[in-house]
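Peer 1: Need the 3D shape of this:
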Amino acid sequence: MMFHILLEHAEDGWVVAECPALPGCVSQGQDEQEAMSNIREAIEAWLWAEDQKALAQCVTKTPILVAV
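Peer 2: Residues are numbered from 1 along each chain as shown. Sure thing, here's the model as predicted:
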């Protein structure tokens, strides 16, 4: 999957990375490379958490896994 990322240089020198398509999915790093690495991890965690929430609601149905 591909996502657009916004990078912003904070006043304290850190680089903040945000994925607007995933509400609340934000990370940071000491430089752009670290911020990009960290936001990748944050995106994976965000998607996993949302999948777990959806799976918990499937108590009366059999879930089917689809790889994208």
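Peer 1: number of nearby residues for A35?
Peer 2: A35 has 22 neighbouring residues, counting by other CB atoms under 10 Å. Every residue, glycine included, has its C-beta placed from N, CA and C.
Peer 1: Am I right that it sits in a helix?
Peer 2: Yes: checked against DSSP: H, G, I helix; E, B strand; the rest coil, A35 lies within a helix.
Peer 1: Return the set of residues that bridge with the closest residue to it other than its chain neighbours.
Peer 2: Excluding the flanking residues, the one nearest A35 by CB to CB, 6 or more residues apart in numbering is G29, at 3.4 Å. Taking DSSP bridges as the rule, G29 bridges to V15.
Peer 1: separation between G29 and E8?
Peer 2: The spacing between G29 and E8, counted by CB to CB, to the nearest Å, is 12 Å.
Peer 1: ditto for E41
Peer 2: In this structure, E41 and E8 are 18 Å apart, going by CB to CB.
Peer 1: do E34 as well
Peer 2: Plainly put, E34 is 14 Å away from E8 if you go by CB to CB.
Peer 1: Compare the two and say which is more crowded by neighbours.
Peer 2: Each of E34 and E8 has its neighbours counted (other CB under 10 Å); E34 has more, 15 against 12.
Peer 1: The more buried one and V16 touch, don't they?
Peer 2: No: counting by CB atoms under 8 Å, E34 does not reach V16; the two are 11.4 Å apart.
Peer 1: Name the SS class of I43, please.
Peer 2: Classification of I43 by three-state DSSP places it in helix.
Peer 1: Mind picking out the helix or strand in the protein with the poorest mean pLDDT?
Peer 2: Ranked by mean pLDDT, DSSP states H and E, the helix or strand of the chain with the weakest confidence is helix 32-56, at a mean of 96.
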